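In: sequence and predicted structure are below.
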Amino acid sequence: MKPIIKVIIPAYNEQDSIANVIKDIPSIVDEIIVVSNNSTDKTEENAIKAGATVLKENQKGYGFACLKGMDYIENKAIKTDIVVFLDGDYSDYPEQLTELVAPIIEKDIDFVIGSRVKQLREKGSMTVPQIFGNWLATSLMKLFFNANFTDLGPFRAIKYNKLVALKMEDKTYGWTVEMQLKALKQKLSYVEIPMKYRNRIGVSKVSGTVKGSVMAGIKILGWIFKYSFK
């Protein structure tokens, strides 16, 4: 039986990229949910025209937007099997979603991360703080939890029931690392799939600013040390 797959795309002012993202998502997906995180441009309009369900979350924060999407899924009559998280900036290749969900469908894996490996990354697509932050976070997870993660990549898929069981709570920058730490704590099976990665359309709201990079770093390290001493 074909699994019900839904995609959640948090988006803040991504009017120039959102339609491209939606267009490239494979037809195996049952619903594309764009959560406009207080966008002030034509993100919502363009997403609707491209065929997505659009929700509004006025509290700014990546986690706030993801939780809004989850709440919407929870209240649907038909049960969702797999949730995919994908950014709205077109830096990932949405057509690779079939590769991302394959381990869940074919091997019953709980959680899959699209890893932005160096050999598949476009030059300049990740900033130095991003690369260092990923290395530090995954190294600490290896040290404290013997984890095999190499990336905190936002392009990820997870069984919906496992996602609910994680009881996600971070509202801003720590969403991705919280999910990985809780997956480790709950002993979910996981794999990484090497993914292509390109320069995003527009300016990053996190890695593109000093404040964003610092705040993200603090949140990521905070979650790791919180779980290391639990």
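Out: Here it is on my side, so go on.

In: leaving out the residues flanking it, which one is nearest to Ala47?
Out: Nearest in space to Ala47, with sequence neighbours left out and distances taken as CB to CB, 6 or more residues apart in numbering, is Val34 at 4.1 Å. For glycine as for every other residue, the C-beta is placed from the backbone atoms N, C-alpha and C.

In: did I read that right, the one you found in a strand?
Out: Yes: in this structure, Val34 lies within a strand as judged by DSSP: H, G, I helix; E, B strand; the rest coil.

In: so it bridges to which residues?
Out: Residues found in beta-bridge contact with Val34 (criterion: DSSP bridges) are Ile9, Val54.

In: which element, helix or strand, includes Trp223?
Out: Secondary structure assignment for Trp223, by DSSP states H and E: helix 210-228.

In: give me the mean pLDDT for that helix.
Out: Averaging pLDDT along helix 210-228 yields 67.

In: ok, stretch 76-87 next?
Out: Averaging pLDDT along stretch 76-87 yields 96.

In: how far away from the center of its chain is that stretch?
Out: Stretch 76-87 sits 13 Å away from the centroid of its parent chain (CA atoms, centre = their mean, to the nearest Å).

In: okay, now Lys76: neighbour count?
Out: Neighbours of Lys76 under the rule other CB atoms under 10 Å: 11.

In: now do the phi/psi pair for it.
Out: When read as degrees, to the nearest 10, the backbone of Lys76 gives phi -90, psi 150.

In: equivalent analysis for Glu192, please.
Out: Dihedral angles (degrees, to the nearest 10) for Glu192: phi -110, psi 140.

In: could you do Arg121 as well?
Out: Main-chain torsions, Arg121, degrees, to the nearest 10: phi -90, psi 140.

In: so it touches Asn199, yeah?
Out: No: under the criterion of CB atoms under 8 Å, Arg121 lies out of contact with Asn199, with a separation of 9.5 Å.

In: who's more crowded, these two?
Out: Between Arg121 and Asn199, counting by other CB under 10 Å, Arg121 is the more crowded of the two (17 against 13).

In: neighbours of the closest residue to the more buried one other than its chain neighbours, just the number please.
Out: Closest residue to Arg121 apart from its sequence neighbours, by CB to CB, 6+ apart: Tyr197 at 4.6 Å. By other CB under 10 Å, 22 other residues sit near Tyr197.

In: measure Ala183 to Asn134 for me?
Out: Ala183 sits 17 Å away from Asn134, going by CB to CB, to the nearest Å.

In: for Asn58, same thing?
Out: Using CB to CB, Asn58 is found at 30 Å from Asn134.

In: so between the two, which is more surrounded?
Out: Using other CB under 10 Å as the criterion, Asn58 and Asn134 rank with Asn134 on top: 21 against 10.

In: who's in contact with the more buried one?
Out: Asn134 sits next to Met126, Thr150, Asp151, Leu152 when contact means CB atoms under 8 Å, 6 or more residues apart in numbering.

In: so which of those residues is the most crowded?
Out: If you count neighbours using other CB under 10 Å, the busiest of the contacts of Asn134 is Asp151, which has 25 neighbours.

In: the closest residue to that residue other than its chain neighbours: what's it in contact with?
Out: Residue nearest to Asp151 in three dimensions, not counting chain neighbours: Ser115, with 4.3 Å by CB to CB, 6+ apart. Counting by CB under 8 Å, 6+ apart, Ser115 makes contact with Thr150, Asp151, Gly153, Glu192, Ile193, Pro194, Met195.
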